[in-house]
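S.K.: Test case, fold it:
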Amino acid sequence: MPELRQARVSDHGKIVTCVQQWWGDSRTPEQARELSLLLPKLFLQFFSSTSLVLEDETGIRAFLVGFYATDNDAEAYIHFVGVDPRLRGQGTARRLYTTFFQRAAEAGRTDVRAITSPVNSGSIAFHRAMNFTLETGDRMVDGLPVHSDYDGPGHDRVCFHRKIAR
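M.R.: Residues are numbered from 1 along each chain as shown. Predicted coordinates:
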């Protein structure tokens, strides 16, 4: 059974490799490399205590990089989640999210936020299944509220919010 633990700075290189491998089936190698750039080492240097890694004897099998807002005492944010394709559909991401929610609540947080691309239907479905609500955007695309240029020109996002119990 894989062990769920707090992330460590030393996990960074392995996580980047996982992103490039795990998304290699749905993206070109260049696109997978670009995706891994969303995880600079600073996320584990400064937020390893709020991030999670699932590993077994073969290595990292899943991870969640998240953190608590420093500008308020209520919010937590899930930045990036990855699950080995061989473990998808088995509740692995749900386990990561549930653990993050529990730890965030224990730290006094009451709200969790996340974002995804409007074309990432799997992520949207997952977040809905995890009881996230979709935040009102500035326009609708295929029935989804979209925040135009959220991450810069042409980088629209769907924004999620979920209340958690303390």
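S.K.: Helices of the protein, residue ranges please.
M.R.: 12-22, 29-36, 42-47, 92-106, 121-129 (DSSP state H).
S.K.: so which of those gets nearest His79?
M.R.: Closest to His79 of the helices of the chain, according to CB to CB: helix 42-47, at 6.6 Å. C-beta here means a position set from N, CA and C on the backbone, and glycine is covered the same way.
S.K.: May I see the buried residues of that closest one?
M.R.: By neighbour count, with 16 or more other CB atoms under 10 Å as the criterion, the buried positions of helix 42-47 are Phe43, Leu44, Phe47.
S.K.: Kindly reformat the residues you listed as TSV containing distance to Thr70.
M.R.: Conversion of the buried residues of helix 42-47 to TSV gives the following (distance: CB to CB, whole Å):
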residue	distance to Thr70
Phe43	14
Leu44	17
Phe47	10
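S.K.: in the sheet, who's paired with the nearest residue to His79 once chain neighbours are set aside?
M.R.: Sequence neighbours aside, Val65 is the residue nearest to His79 in space, at 4.8 Å (criterion: CB to CB, 6 or more residues apart in numbering). The partner list for Val65 in beta bridges (DSSP bridges) reads Phe80.
S.K.: Can you name the residues that contact Val65?
M.R.: Contacts for Val65 were tallied using CB atoms under 8 Å, 6 or more residues apart in numbering; they are Ala7, Ile15, Leu39, Phe43, Leu44, Phe47, Ser51, Ile78, His79, Phe80, Val81.
S.K.: Throw these into JSON lines and include pLDDT and distance to Arg94, thanks.
M.R.: Supplementary listing: the contacts of Val65 in JSON lines, determined by pLDDT from 0 to 100; distance: CB to CB, whole Å:
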{"residue": "Ala7", "pLDDT": "98", "distance to Arg94": "18"}
{"residue": "Ile15", "pLDDT": "97", "distance to Arg94": "20"}
{"residue": "Leu39", "pLDDT": "95", "distance to Arg94": "21"}
{"residue": "Phe43", "pLDDT": "97", "distance to Arg94": "22"}
{"residue": "Leu44", "pLDDT": "97", "distance to Arg94": "23"}
{"residue": "Phe47", "pLDDT": "97", "distance to Arg94": "21"}
{"residue": "Ser51", "pLDDT": "98", "distance to Arg94": "17"}
{"residue": "Ile78", "pLDDT": "98", "distance to Arg94": "13"}
{"residue": "His79", "pLDDT": "98", "distance to Arg94": "18"}
{"residue": "Phe80", "pLDDT": "97", "distance to Arg94": "16"}
{"residue": "Val81", "pLDDT": "97", "distance to Arg94": "11"}
